[in-house]
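1. sharing a model that was predicted from the sequence below.
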Amino acid sequence: MMLIGAVCTIGGRSRVARRFFVPPAGVGDEFVNLPTELVHHLRSVLRLAVGVEVLLLDGCGGHYQCHLTDLTPQGGRAVIDNRWTETETALPVRLLQGVPKGDRFDLILQKGTELGISAFTPVWSQRSIPAPATGRDEKRLQRWQRIIAEAARQSRRPLLPSCAAPQPLASALATTGEELRLMLWEEGSQPLATALPQNRPRDVALLVGPEGGFSADEATAAVAAGFQPVHLGPRILRSETAGFAVSAILQYVYGDFGVR
């Protein structure tokens, strides 16, 4: 369950309604069933009471203007007063990111969500950090999903980007079906500008290596999977910065940067 709340503002004035992400399975025709974790947050942290107006988002575009009717330790419920669906105007971009050291992937998720990335696929490559012990991936994935939910709330995105569990590079390449596939690689690559088509692609897969980059064998495998090796000019960017830079360029050229 992902819970994020914030005061909505219109014209600079605060509204009563707060925004929260809820699981889609809890949304019915007339009511939204609230999970216990969210109820605890509403009661104990925010001190909200029955009758308060909230805006609930299911992460799939559904928006539900509600008022709270039940708040108990066992769960809660909100009555739906109005509902509507919002879609995204950003270019769909999937970031296949070599897992970096430390907590840098947290930053990648946060800022990538703000920049309009629609899906994250962390990958293990030859030069990435070793895979963690069995069982740790699930806890990390839960933390990553909370980071995405907070960033989506802050940037007012109607959809929650997805985040896959870390997987080997070969597995990630085998499941890539995006129309435009770009790999950031300094060797044997072309400038990014020359690889961008004139017409907006249906979607984009962006492959970024870890701190040490990709090996020649990995680059060859990526090219065989339809990726074009590209570079960003004379400067070498850090692993976590490169994805931000290209994502912003893609949203400017094909997406909704500058559109209101």
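-> Okay, I see it. Numbering: from 1, shown residues only.

2. going forward, measure contacts between C-alpha atoms and count neighbours the same way
-> OK.

3. strands of the chain, start to end?
-> Taking DSSP state E as the test, the strands found in the chain are 7-10, 13-21, 31-34, 53-57, 62-72, 75-85, 93-98, 119-124, 162-163, 167-168, 180-184, 190-191, 204-208, 228-231.

4. got those as a markdown table, with distance to G112 and mean neighbour count columns?
-> A markdown table is the format used below for those (distance: least, Cα to Cα, whole Å; neighbours: other Cα atoms under 10 Å):
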| stretch | distance to G112 | mean neighbour count |
| --- | --- | --- |
| strand 7-10 | 23 | 12 |
| strand 13-21 | 19 | 17 |
| strand 31-34 | 28 | 21 |
| strand 53-57 | 20 | 25 |
| strand 62-72 | 22 | 19 |
| strand 75-85 | 23 | 17 |
| strand 93-98 | 9 | 26 |
| strand 119-124 | 9 | 23 |
| strand 162-163 | 11 | 18 |
| strand 167-168 | 19 | 15 |
| strand 180-184 | 16 | 23 |
| strand 190-191 | 22 | 16 |
| strand 204-208 | 12 | 24 |
| strand 228-231 | 19 | 22 |
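
5. what about the spatially closest residue to T121 that is not a sequence neighbour, distance to H40?
-> Of all residues not flanking T121 in the chain, L96 sits nearest, at 4.6 Å (Cα to Cα, 6 or more residues apart in numbering). Going from L96 to H40 by Cα to Cα, to the nearest Å gives 35 Å.

6. so F257 makes contact with Q251?
-> Yes: taking Cα atoms under 8 Å as the definition, F257 is a contact partner of Q251 at 5.7 Å.

7. find the residue at the geometric middle of the protein.
-> P161 (3.2 Å; Cα atoms, centre = their mean).

8. JSON lines for the strands of the chain, including mean pLDDT and distance to A221?
-> Compiled in JSON lines, those are given as follows (pLDDT from 0 to 100; distance: least, Cα to Cα, whole Å):
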{"stretch": "strand 7-10", "mean pLDDT": "40", "distance to A221": "47"}
{"stretch": "strand 13-21", "mean pLDDT": "65", "distance to A221": "39"}
{"stretch": "strand 31-34", "mean pLDDT": "93", "distance to A221": "46"}
{"stretch": "strand 53-57", "mean pLDDT": "92", "distance to A221": "40"}
{"stretch": "strand 62-72", "mean pLDDT": "93", "distance to A221": "39"}
{"stretch": "strand 75-85", "mean pLDDT": "93", "distance to A221": "40"}
{"stretch": "strand 93-98", "mean pLDDT": "97", "distance to A221": "14"}
{"stretch": "strand 119-124", "mean pLDDT": "96", "distance to A221": "14"}
{"stretch": "strand 162-163", "mean pLDDT": "96", "distance to A221": "23"}
{"stretch": "strand 167-168", "mean pLDDT": "94", "distance to A221": "12"}
{"stretch": "strand 180-184", "mean pLDDT": "97", "distance to A221": "11"}
{"stretch": "strand 190-191", "mean pLDDT": "94", "distance to A221": "17"}
{"stretch": "strand 204-208", "mean pLDDT": "97", "distance to A221": "12"}
{"stretch": "strand 228-231", "mean pLDDT": "95", "distance to A221": "11"}
